[in-house]
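S.K.: sharing a sequence plus its predicted fold:
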Amino acid sequence: MIIILMGVSGAGKSTIGRRLAAELQWEFYEGDDFHTAENVAKMRRGEPLTDADRKPWLSALEHLIREALADNRSGVLACSALKQKYREQLMVDRERVHIVYLSGSYKTVLERLKNRTGHFMGAGLLKSQFDTLAEPKDVITVDINQHPEAVVAAIMQALQGMQMPLTTQILLDNLMFPEAPRWREGRLWFTDQHARRIVAVDMDGHAETVAEMDDLPGGLGWLPDGRLLVVAMTQRRIFQLTDSGLDEYADLSGLASSHCNDMLVEKQGRCYLGNFGFDLHGGAPQAPAELILVEPGGKTRIVAEGLVFPNGMVTTPDETTLIVAETFAARLTAFAIQADGSLANRRIWADLGDAYPDGICLDAENAVWVATPNAGEVLRVKEGGGILQRIKPRGTPYACMLGGPERLTLFIASSETDDPAMARQQKGGRIEVISVPVAGTGLP
């Protein structure tokens, strides 16, 4: 996707553009860099450019946009684009090229230009810019008479309101099938499922294999004393990582009706765990599954039944509500958490229509980010099912987690396939990242 940040000279296109690109973790393109030497010299002399002067400049920008989209690169382009016909030339793909207009009065911009030094466009050309400007309609318009941070925030909010499918950057690739991402102590921890290992990666992409298993690792979590727990999916057990390796923590084989799946470990050390309910990859008919509670110390019991492929889970900040993704029911289901960890008052938190929820995480506004593999998007959902934002990762998303500095980075575990044999062969799994405006809660 390309955002064209337009307006007269002095409106702040470069300043806002760089900040917006950094917020989105996209590339920034300075439109002025594509002017010919003749155009720059002419503007230095205080002579307005004609349509003929701008023709090679617009052609170069059009080529830049087409090339970026062809390479699946997103960016912010700072470009005056004063006339409608200029904008029409640059709108090469109306689904992936969008315009943001930085609007300001002649007086406001003139004051700014008087204080600007070192640029070839002087204050003497401002009147010609306003004379040429044809203000666009039906675009994002933001008043420049506010602090740059507020301008960027307004643009981000408008992009969310348009439900534009923002794209991501790759933090780590060449994985088999990343799942169960968790943020802890400055790193993202996850299971590379078909590689049978637990991995931690920092914000610079430096990865470490923390442990290896002889089974498929599922969900991850930490006990209050810092011990790492991991689900052994086909064995239907939970293991704890100790100095001597992985030791059994809980045996769920007598309770789980099929392969165990994701797991949530809450602050008190209680674990909630789902399972497939049926042999997913073996072609068995769909069957309901249980949610299992593992008490601190390893005692187990079923706390909910009849769920349709219970998957990712979160708790609300007050830890009174558990929300679980029922993948093949296309819904998020909520339970009230009782004092003893039991679950009650089951209700639909959000009906997702045709989108199948897999891994989920919660933000500080109690909205849930949901990875939907069948839709190929990560959705930010509010209670009741309203979609607040859509993100289109490069691969198929299976799980997500908020973390990073200030917890404003959304990590997405994606892959090209969920078929075990193909995943091991292709190694098309990735950890993708994108900045978001609302932080995570820091809770499971």
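M.R.: That came in fine, so what should we check first?
S.K.: tell me the helix or strand right after the lowest-mean-pLDDT helix or strand in the chain.
M.R.: The weakest-scoring helix or strand in the chain, judged by mean pLDDT, DSSP states H and E, is strand 165-166 (a mean of 60). Proceeding N to C from strand 165-166, the next assigned helix or strand is strand 169-175, under DSSP states H and E.
S.K.: list the helices and strands that next one packs on?
M.R.: With contacts defined as 3 or more Cβ pairs under 8 Å, 6 or more residues apart in numbering; DSSP states H and E, the packing partners of strand 169-175 are strand 197-201, strand 429-435. The way it works is simple: take the backbone N, C-alpha and C, and place the C-beta from them, glycine included.
S.K.: repeat the analysis, applying 10 Å as the threshold.
M.R.: With contacts taken as 3 or more Cβ pairs under 10 Å, 6 or more residues apart in numbering; DSSP states H and E, strand 169-175 sits against strand 187-192, strand 197-201, strand 207-212, strand 409-415, strand 429-435.
S.K.: ok and it relative to strand 187-192, angle-wise?
M.R.: 40 degrees (axes from the mean of the first three to the mean of the last three Cα atoms, to 10 degrees).
S.K.: can you give the strand pairings for strand 169-175, parallel or anti for each?
M.R.: Strand partners for strand 169-175, identified by DSSP bridges, are recorded as strand 429-435 (antiparallel).
S.K.: strands of the stretch 201-350 of the chain, start to end?
M.R.: 207-212, 217-222, 228-232, 237-242, 245-251, 260-265, 271-275, 289-294, 300-307, 310-315, 321-326, 331-337, 343-351 (DSSP state E, counting those that start in this stretch).
S.K.: can you pull the buried residues of the fourth one?
M.R.: Neighbour-count burial for strand 237-242, with 16 or more other Cβ atoms under 10 Å as criterion, is recorded at 237-241.
S.K.: and it, what does it pack onto?
M.R.: By 3+ Cβ pairs under 10 Å, 6+ apart, strand 237-242 packs against strand 207-212, strand 217-222, strand 228-232, strand 245-251, strand 260-265.
S.K.: could the strands of the stretch 201-350 of the chain be laid out in JSON lines, adding mean pLDDT?
M.R.: Shown next, in JSON lines, are the strands of the stretch 201-350 of the chain (pLDDT from 0 to 100):
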{"stretch": "strand 207-212", "mean pLDDT": "97"}
{"stretch": "strand 217-222", "mean pLDDT": "97"}
{"stretch": "strand 228-232", "mean pLDDT": "97"}
{"stretch": "strand 237-242", "mean pLDDT": "96"}
{"stretch": "strand 245-251", "mean pLDDT": "95"}
{"stretch": "strand 260-265", "mean pLDDT": "96"}
{"stretch": "strand 271-275", "mean pLDDT": "97"}
{"stretch": "strand 289-294", "mean pLDDT": "97"}
{"stretch": "strand 300-307", "mean pLDDT": "97"}
{"stretch": "strand 310-315", "mean pLDDT": "97"}
{"stretch": "strand 321-326", "mean pLDDT": "98"}
{"stretch": "strand 331-337", "mean pLDDT": "98"}
{"stretch": "strand 343-351", "mean pLDDT": "98"}
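S.K.: per-residue pLDDT, Val142?
M.R.: You'll see Val142 listed with a pLDDT of 90.
S.K.: check Gln425 too.
M.R.: What the model reports for Gln425 is a pLDDT of 91.
S.K.: which ones are touching the closest residue to Ala329 other than its chain neighbours?
M.R.: Excluding the flanking residues, the one nearest Ala329 by Cβ to Cβ, 6 or more residues apart in numbering is Val308, at 3.8 Å. By Cβ atoms under 10 Å, 6 or more residues apart in numbering, the contact set of Val308 is 277, 286-289, 325-331, 333.
S.K.: again with Arg66
M.R.: So Arg66 contacts 2, 90, 92-93, 97 (Cβ under 10 Å, 6+ apart).
S.K.: could I get the residues you listed in JSON lines, plus columns for neighbour count?
M.R.: Output for the contacts of Arg66, formatted as JSON lines (neighbours: other Cβ atoms under 10 Å):
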{"residue": "Ile2", "neighbour count": "25"}
{"residue": "Leu90", "neighbour count": "21"}
{"residue": "Val92", "neighbour count": "14"}
{"residue": "Asp93", "neighbour count": "12"}
{"residue": "Val97", "neighbour count": "19"}
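S.K.: closest to Glu319 among those?
M.R.: Ranked by distance to Glu319 (Cβ to Cβ), the contacts of Arg66 are led by Ile2 at 42.7 Å.
S.K.: my read: Trp189 touches Arg182, true?
M.R.: Yes. The criterion here is Cβ atoms under 10 Å, and Trp189 meets it with Arg182 at 4.8 Å.
S.K.: any residues in contact with both of the two?
M.R.: With Cβ under 10 Å, 6+ apart, Trp189 and Arg182 have common neighbours 200, 220-222, 228, 401, 403.
S.K.: just the buried residues of the lengthiest helix in the chain, please?
M.R.: Criterion DSSP state H: the longest helix present in the chain is helix 51-70. When burial is assessed from 16+ other Cβ under 10 Å, helix 51-70 yields the following buried residues: 53-54, 57-58, 61, 64-65, 68-69.
S.K.: now do the contacts for Pro224.
M.R.: Per Cβ under 10 Å, 6+ apart, neighbours of Pro224: 265-269, 296.
S.K.: can you redo those residues as CSV with distance to Leu388 and neighbour count?
M.R.: Supplementary listing: the contacts of Pro224 in CSV, determined by distance: Cβ to Cβ, whole Å; neighbours: other Cβ atoms under 10 Å:
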residue, distance to Leu388, neighbour count
Val265, 27, 25
Glu266, 25, 19
Lys267, 27, 12
Gln268, 30, 11
Gly269, 32, 17
Pro296, 36, 14
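S.K.: Arg390 against Pro397, yeah?
M.R.: No. Applying Cβ under 10 Å as the test, Arg390 and Pro397 come out as separate, 11.2 Å apart.
S.K.: which one of these two has more residues nearby?
M.R.: For the pair Arg390 and Pro397, the greater number of neighbours falls to Pro397 (28 against 17), based on other Cβ atoms under 10 Å.
S.K.: can you name every helix or strand that the helix or strand where that one lies contacts?
M.R.: Per DSSP H and E: Pro397 is located in strand 396-403. For strand 396-403, the contact count by 3+ Cβ pairs under 10 Å, 6+ apart identifies strand 178-184, strand 187-192, strand 310-315, strand 360-362, strand 368-372, strand 377-381, strand 409-415, strand 429-435 as packing neighbours.
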